[in-house]
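# Compute the structure for the input listed below.
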Amino acid sequence: MMSMQEISDRFEIGEVLARYALAVDTGRWSLLDSVFTPNAVLDYTSSGGAKGSLNELKAWLSEILPTWPGRQHLLGAMMIAFDGDEAGVTVSYTDTLAPSRDAIKADAPGLVRGGGWYHHRMVRTPAGWRSRDVVLEQLWRTMQ
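Sure, this is the predicted structure:
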């Protein structure tokens, strides 16, 4: 049976993951400061992306993602393994990157869809749970 603390921790970690998706999908890059620790390492290399510090990846994301103004991440199955004030968190995702926020045909050039797993190593901080590192494991991708 889960303790009230574990239930609370699971909800808080879910909120951190939701803030990540909101930040990336809306371009509110400063929200990523409430997702990651200042010394976090983000690794998007499995999707052909970059790997680096939080500040390096915020700059990279803010340069790359405006190509697709229509962005949406859907987070799904989540597994959390607690180890004291740390937690291994794996969450499935599906994302869509669209060249426009307007209605477009499903086969429009520039439409990208994909999915896989985010693997986070989270730590409890005075400000709450934060991701110390994340590795994106892309499982599939389609592009028009």
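
# pLDDT (mean, whole number) over the helix or strand hosting residue 42?
Assessed by DSSP states H and E, residue 42 sits inside strand 36-43. On average, the pLDDT along strand 36-43 is 98.

# for whichever helix or strand comes after that strand, packing partners?
Toward the C-terminus, strand 36-43 is succeeded by strand 51-53 as the next helix or strand (DSSP H and E). Secondary-structure packing of strand 51-53 (3 or more Cβ pairs under 8 Å, 6 or more residues apart in numbering; DSSP states H and E): strand 36-43. The way it works is simple: take the backbone N, C-alpha and C, and place the C-beta from them, glycine included.

# if we can go back for a sec, could you dump the strand holding residue 42 to CSV, C-alpha only?
Below are the C-alpha coordinates for strand 36-43, written out as CSV (Å, rounded to 0.1, in the frame of the first residue of the first chain):
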residue,chain,number,x,y,z
PHE,A,36,14.9,20.6,-14.3
THR,A,37,17.7,21.2,-11.8
PRO,A,38,20.1,23.9,-12.9
ASN,A,39,22.8,21.3,-13.7
ALA,A,40,20.5,18.9,-15.5
VAL,A,41,21.6,17.1,-18.7
LEU,A,42,19.0,16.7,-21.5
ASP,A,43,19.6,14.1,-24.2
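
# List the neighbours of it that are in contact with it.
For strand 36-43, contacts defined as Cβ atoms under 8 Å, 6 or more residues apart in numbering pick out 50-54, 57, 123, 125, 130-136.

# partner strands of it, parallel or antiparallel?
Partners of strand 36-43 in the sheet, by DSSP bridges, are strand 51-53 (antiparallel), strand 128-143 (parallel).

# What's the separation between the residue nearest the centre of the chain and residue 100?
The geometric centre of the chain, computed from its C-alpha atoms, lies nearest to residue 20 (Cα atoms, centre = their mean), at 4.9 Å. Distance of residue 20 to residue 100, given as Cβ to Cβ, to the nearest Å: 24 Å.
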